[in-house]
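K.L.:
fold the following.
(chains A, B and C, ligands or ions: 2)
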Amino acid sequence: MSESTTYTGFWQESPRPGILGWLLSTDHKRIGIMYLTCIISLFIVGAILGLAIRLELIAPGETIMGAQTYNATFTVHGIIMIFMFLIPSIPAAFGNLLLPIQIGARDVSFPKLNLLSWYCYIVGAILAIIAIFSGGGAPDTGWTFYVPFSTQTTTNVNLAAFAAFMLGFSSILTGINFVTTIHRLRCEGMTWGRLPLFVWTLYATAWIQVLATPMIGITLVLVILERVFGAGLFDAARGGDPILFQHLFWIYSHPAVYIMILPGMGVISEIIPTFARKPLFGYWAMAFSSLGIAFAGSLVWAHHMYASGMSDFAVLIFSFLTFIVAIPSAIKVFNWISTLYKGSIEMAPPMLYALAFIFNFAIGGLGGLALGAAASDIHLHDTYFVVGHFHYVMFGGGGFALFAAMHYWLPKFTGRMYNHKVAVIGWALLFVGFNVTYMTMQAVGVAGMPRRYYDYLPEFTTLNQVATAGSWVMGLGLLIMFVNLWRGMCSGRRVGKNPWGATTLEWEVPSPPPLENFGEEDPVVTKGPYNFKGVVADEY
Amino acid sequence: MSIEHRDDTGARFGMWLFLYTEVILFSGLFILYAMALAKYPAEFSDASHKLNIYFGSINTLVLLTSSLTIALAVSAIQMGRIKQTLILCWITIALALVFLINKYFEWSAEISHGIYPGSEQLAEMGPGITTFFNLYYFTAGLHGLHVFIGGTLIGVVAVMTAKGKVTSDRYTLLENSALYWHLVDLVWIFLFPLYYLLYH
Amino acid sequence: MSEETHVPVPYRTFILIWVALLILTGITVAVSRVDVGALNIWVALGVASIKSSLVIFFFMHLKQESILFKIGLLTMLVILAIFVGMTFLDILYR
Ligand code: HEM
Ligand SMILES: [Cu+2]
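P.N.:
Residues are numbered from 1 along each chain as shown, chains lettered A, B, ... in the order given. Ligands and ions are numbered 1, 2, ... in the order given. As a prediction, this is how the structure comes out:
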């Protein structure tokens, strides 16, 4: 621990003092921190809404809210969790924090554009919040904005759709920035074969952000235009086609699930080698499976539409392709497990989250195959099985990966360590509560309970009560985790450069990293990303 | 320690990436078009007949020419001919205006015939024709918005050139605005035959 | 980074391209007056593709850019083809 106790890196160094030093900063680390702050705040709001949904479902009939409020609640919950939390979570927050450092650059290619992207995000988030409280009331369409309902409901869909448009624009700008940065700003010696896997996944993600996001943009614009002009583009009576809306929507939104999960996989690929103290198994397989997922992800969107009335031929093809896309994901899971094999494993908190990720993701992924098979999907479609499934991949996968990242990199960016014991308690509650809640949801879905209703038949009562109880355990786990991280950040023990004994470039700069990351000299890389020879963890 | 890091190629590459997003944005409308055309081939050619091919053709010439002038502007600045650059930029903007004015007259004529999204007269013409015109208005409208943005962008760059902020060895801004303008042209290259020239 | 400045394209080249574009426009308009059935739309799209290639390779300087730009464009076009083509799997077989 060579740093003096007052050293605070980029937290203090800034061309401008005070709050403006943040709001006008083009430093990728400051922008990353601003993203992280907003994302976590919105996550907490979304989680409270989720708990409210679960509370309503504690008994059949109306308990704490009526049908309309319930519809608005799950819609806002979904919009917040998807567009404001999960899509920007790892790429915009941790991508910004880490990407330049990991490739040996001083910032991203377009720092000002990066700041603009944050402002688009903030404007989108604020508009979405305004949409809840103004106009005809909070949107009640579900996060999917399906026509014909979305073109007819009197709630504030226009503003909500525009907000989602802005959030998409923010995501596009981040994507453009990252692709360019990875191509243009790798430092000397940082060949493609030496990129950390987190960078590879960000690269694949950024391409999806660039090539798929505009489709949701035009789709949302069309919903707004429909509502304004009543043109009938999606109205079968006037020559339109409601199923085409679903095509356009899912052309983006399926690839979007890879925006949510790929960077999470990158985080896990960083954490597993560090705590198994072994190079990652199958580097190139991992790198190319990221690109493979990104590409194959653009081929399967209509698996969300088996029950929509599209052609049987399309059902057949899309079902087949969905099974193909499972292959690169499985490659990743097998490679993580092979990395663990005969490693000297250390069960530090980031590692626990990473292992929980693998567990949850495997369950979610296998459930996905049940939904991808057209025959079983007809039964499972729009039931709580779907809700359980996507929480397993999005929350149990993407969400847990974000928490893993927070536990892994918090010491790097704050220079302080949280309490490990408390972290393990929080993790255990979260993990158990999570599985109780969503495994039960899957079960009640198979039994036939449909999603998006505030009420249910009496025979589903027991399972729903179990799920609700699980959600409380989960909520408690989240609370402990956040408080612990917060306290660690403010007053935890100081740590040096490399508390975990990790090997990528960010662990060679001080914690927290200084403005522009590297001193006078640009770094020069001479070895691969997971070479543990001679790397020892700092004491703390 | 400051990072006055300059990477013109990177900046151009970023612009190309942005243009990809624009293409995908428009492609949403073209997908709807393709599907509707497959469903209503006869109605689409009837509807296309109702569009004024002269307006369409003139606007095609206008845009192609403006694409030429802005391309020339880039060559001009590379050769250090600031004055020519400026003239070419202003011509481009003038052509953009001509395009929009043309569009205004074209649309006014159509609207005065009761043809616009959501109109009852249009609904009476049947589902195929309704869909054609809905798509026509939304696509051409979005394109018109891009003409406006592109023209503004070139205006800003022209002013910066006049002030000496864009020069013969620092002209990425002009190049990128030109790229954007070419995209506007590209969209129209497809829009024109698909809407104005269906066989009749 | 000096490798990256392009040699200016002579005015003449651009003007020739412009003339070619005008001729191609004439061709599309002319062809649209002849009934060749479903082929009409394919001819129109074909000519439009040629026109856009001219714009992209010359006006937009893609010819002078590195391979990265070309691969990027190709990637985008492949994805675009997937989006359009696979939607037809539904529409054509309903
Ligand atoms: C405290 C944690 C959470 C709880 C208790 C929770 C609970 C729920 C429940 C019960 C539903 C179903 C509503 C219905 O169909 O009637 C739901 C929907 C949904 N949740 Fe969560 N959830 C939580 C966290 C998350 C997270 C982290 C994400 C994503 C990252 C997420 C994304 C969604 C989405 C997209 C929907 C669908 C909304 C719609 O139908 O439009 N949730 N949630
Ligand atoms: Cu999907």
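K.L.:
what pLDDT does residue 4 get?
P.N.:
Since you didn't name a chain, this refers to chain A. Listed pLDDT for residue A:4 reads 46.
K.L.:
sorry, should have said chain C
P.N.:
On the pLDDT scale, residue C:4 is placed at 57.
K.L.:
same question, the one 5 residues further on
P.N.:
According to the prediction, residue C:9 has pLDDT 91.
K.L.:
quick one: the helices in chain B?
P.N.:
Counting by DSSP state H, chain B has these helices, from start to end: B:8-39, B:41-50, B:53-78, B:82-112, B:120-124, B:127-162, B:172-196.
K.L.:
chain center to the shortest one, what's the gap?
P.N.:
Mean-position distance between helix B:120-124 and its chain equals 29 Å (CA atoms, centre = their mean, to the nearest Å).
K.L.:
what about that helix, near chain A?
P.N.:
Yes. Using CB under 8 Å from any CB of the partner chain, we find that helix B:120-124 touches chain A at residue B:123. Just so you know, the C-beta spots here come from the backbone N, C-alpha and C atoms, and that holds for glycine as well.
K.L.:
circling back to that earlier point, can you put the helices of chain B in a markdown table and add mean neighbour count and distance to residue A:19?
P.N.:
Compiled in a markdown table, the helices of chain B are given as follows (neighbours: other CB atoms under 10 Å in any protein chain shown; distance: least, CB to CB, whole Å):
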| stretch | mean neighbour count | distance to residue A:19 |
| --- | --- | --- |
| helix B:8-39 | 21 | 29 |
| helix B:41-50 | 18 | 56 |
| helix B:53-78 | 22 | 40 |
| helix B:82-112 | 17 | 40 |
| helix B:120-124 | 14 | 53 |
| helix B:127-162 | 20 | 30 |
| helix B:172-196 | 23 | 31 |
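K.L.:
who's in contact with the residue in chain B positioned nearest to chain A?
P.N.:
Closest approach between chain B and chain A, counting by CB to the nearest CB: residue B:127, at 2.7 Å. By CB atoms under 8 Å, 6 or more residues apart in numbering or on different chains, the contact list for residue B:127 reads A:237, A:238, A:239, A:240, B:40, B:43.
K.L.:
run the last query once more with 7 Å
P.N.:
A:238, A:239 (CB atoms under 7 Å, 6 or more residues apart in numbering or on different chains).
K.L.:
again with residue B:68
P.N.:
The neighbourhood of residue B:68, defined by CB under 7 Å, 6+ apart, consists of C:14, C:18.
K.L.:
equivalent analysis for residue B:158, please.
P.N.:
Contacts of residue B:158 by CB under 7 Å, 6+ apart are B:86, B:89, B:90.
K.L.:
just give the nearest non-adjacent residue to the second one, would you?
P.N.:
On the basis of CB to CB, 6 or more residues apart in numbering or on different chains, the spatially nearest residue to residue B:89 that is not a chain neighbour turns out to be residue B:158, at 3.9 Å.
K.L.:
same question, the last one
P.N.:
Excluding the flanking residues, the one nearest residue B:90 by CB to CB, 6+ apart is residue B:158, at 6.5 Å.
K.L.:
need the three-state assignment for the most centrally placed residue in chain C.
P.N.:
By CA atoms, centre = their mean, chain C has its centre lying nearest to residue C:52, at 2.6 Å. Residue C:52 carries the three-state label helix when classified by DSSP: H, G, I helix; E, B strand; the rest coil.
K.L.:
now the helices for the stretch 1-150 of chain A?
P.N.:
With DSSP state H, counting those that start in this stretch as the criterion, the stretch 1-150 of chain A has helices at A:20-23, A:28-56, A:67-79, A:87-88, A:96-102, A:111-133, A:149-152.
K.L.:
who wins for proximity to chain B among those?
P.N.:
helix A:111-133 (7.7 Å).
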